[in-house]
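Enquirer: All I have is the shape, not the residue letters:
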């Protein structure tokens, strides 16, 4: 069985070597380049599956090249798959497999850390220290998390771990999900709508997928319902938040701060060394400049455990499909 893998990052090399050592019967041909029209030249009919991990758009001609080579399985080393052309994969009869769960703790811990950063006023404290102001003063006092209400939107694997972490600090945790589950009910109290959740919360942590129904879920109207001291954390998908509306809401003091790990138009910039003059996205530039936004380039997942799991689960999912077995991560197209 032969698999061709693109966009192998430096941080994945240890995980890839480990996988190859543990699976000597699988031939894995690894390319550092992302999957593009140029790198697609390496795709031949000797391969059974292809494995990628990228947010950069893959041209239509590459999907046709994959199909023409007879490859029937497309594996992504990620949980998200909205960056790929699902209609085209379906048309070409190519099955898609993702990594449904790789390390919920990684993302949940990041969400908690970001919330604590603003909840304990680290931004204000650091600014004072940078100006040699070491005074104890009311502007930098804070409330403890156990006095706060935390809202979790999306109560799947990651959302439940995040809820558990916040609850372990004594917070009251409420949640919203289209599909409520019994495991979450042991940790949090469900409400019926997002509009009901938002006004109650001091911290809101997003863990929902990107769907047409929740596109720009957090918009101008919803921001108006937030507590002025509320902290919004998005470690899920960028399209959940209308970023221009978020910036306006911060200017209007409709919320305290935001932790933004996923930005709707991050594709051209994430996981690259960018010169500031090359960043043409004015909204992104505003995110980078603001002290009341903690921006990070889609790295909430970024732990050694997560990287190992992303590699092994994606490849094993492809192999299961090729062997005629059911793969938990297969996306029904």
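Expert: Looks like it came in fine. These numbers come from a predicted model, not from an experiment.
Enquirer: Next, count neighbours for the closest residue to residue 93 other than its chain neighbours.
Expert: Once flanking residues are discounted, residue 93 sits nearest to residue 72: 6.8 Å by CB to CB, 6 or more residues apart in numbering. For every residue, glycine as well, the C-beta is placed using N, CA and C. Neighbourhood size, residue 72 [other CB atoms under 10 Å]: 17.
Enquirer: got the contact list for residue 72?
Expert: For residue 72, the contact set (CB atoms under 8 Å, 6 or more residues apart in numbering) comprises 48, 49, 93, 94, 95, 321, 322.
Enquirer: Surely the fourth one and residue 73 touch.
Expert: Yes: under the criterion of CB atoms under 8 Å, residue 94 makes contact with residue 73 at 7.1 Å.
Enquirer: The two: who's more crowded?
Expert: Neighbours per residue (other CB under 10 Å) separate residue 94 from residue 73, with residue 73 holding more: 23 against 19.
Enquirer: So what does that one look like in phi/psi?
Expert: phi -130, psi 130 (degrees, to the nearest 10).
Enquirer: just to revisit the earlier point, mark which of the contacts of residue 72 are buried, thanks.
Expert: Among the contacts of residue 72, those classed as buried by 16 or more other CB atoms under 10 Å are 48, 49, 94, 95, 321, 322.
Enquirer: Keep only those of those residues that are in strands.
Expert: 49, 95 (DSSP state E).
Enquirer: Next, count neighbours for the closest residue in space to residue 65 that isn't next to it in sequence.
Expert: Leaving out its chain neighbours, the residue that sits closest to residue 65 by CB to CB, 6+ apart is residue 40, at 4.8 Å. Neighbour count for residue 40, taken as other CB under 10 Å: 20.
Enquirer: I'd guess residue 40 is in a helix, am I close?
Expert: Yes: counting by DSSP: H, G, I helix; E, B strand; the rest coil, residue 40 is found in a helix.
Enquirer: That one contacts residue 62, doesn't it?
Expert: Yes: at 4.7 Å, residue 40 counts as touching residue 62 under the criterion of CB under 8 Å.
Enquirer: Which residue ranges of this structure form helices?
Expert: Here the chain has its helices, by DSSP state H, at 13-22, 60-68, 86-92, 104-119, 122-130, 157-168, 182-185, 194-197, 220-223, 243-251, 282-289, 304-322.
Enquirer: what about the ones you listed, which gets the closest to residue 1?
Expert: Smallest distance to residue 1 across the helices of the chain (CB to CB): 6.3 Å, for helix 304-322.
Enquirer: How about the contacts made by the one residue sitting closest to the centre of the chain?
Expert: Nearest to the mean C-alpha position of the chain, by CA atoms, centre = their mean, lies residue 236 at 4.2 Å. Taking CB under 8 Å, 6+ apart, we find residue 236 in contact with 154, 158, 206, 207, 208, 209, 210, 262.
Enquirer: same thing with residue 214?
Expert: 208, 240.
Enquirer: From residue 93, how far out is it?
Expert: As judged by CB to CB, to the nearest Å, residue 214 and residue 93 stand 30 Å apart.
Enquirer: Mind listing what's buried along stretch 324-333?
Expert: For stretch 324-333, a neighbour-count test (16+ other CB under 10 Å) marks 327, 329, 330, 331 as buried.
Enquirer: meant to ask about stretch 305-313, not that
Expert: Buried, per 16+ other CB under 10 Å, within stretch 305-313: 306, 307, 308, 309, 310, 311, 312, 313.
Enquirer: what does stretch 100-111 give?
Expert: Across stretch 100-111, burial judged by 16+ other CB under 10 Å covers 102, 103, 104, 105, 106, 107, 108, 109, 110, 111.
Enquirer: May I ask which two of those are separated the most?
Expert: 102 and 111 (15.7 Å).
Enquirer: As a check, name the ranges of all strands in the stretch 151-300 of the chain.
Expert: 172-176, 189-190, 203-206, 231-234, 257-260, 293-295 (DSSP state E, counting those that start in this stretch).
Enquirer: which other helices and strands contact the longest one?
Expert: Contact here means 3 or more CB pairs under 8 Å, 6 or more residues apart in numbering; DSSP states H and E; on that basis strand 172-176 packs against strand 149-153, helix 157-168, strand 189-190, helix 194-197.
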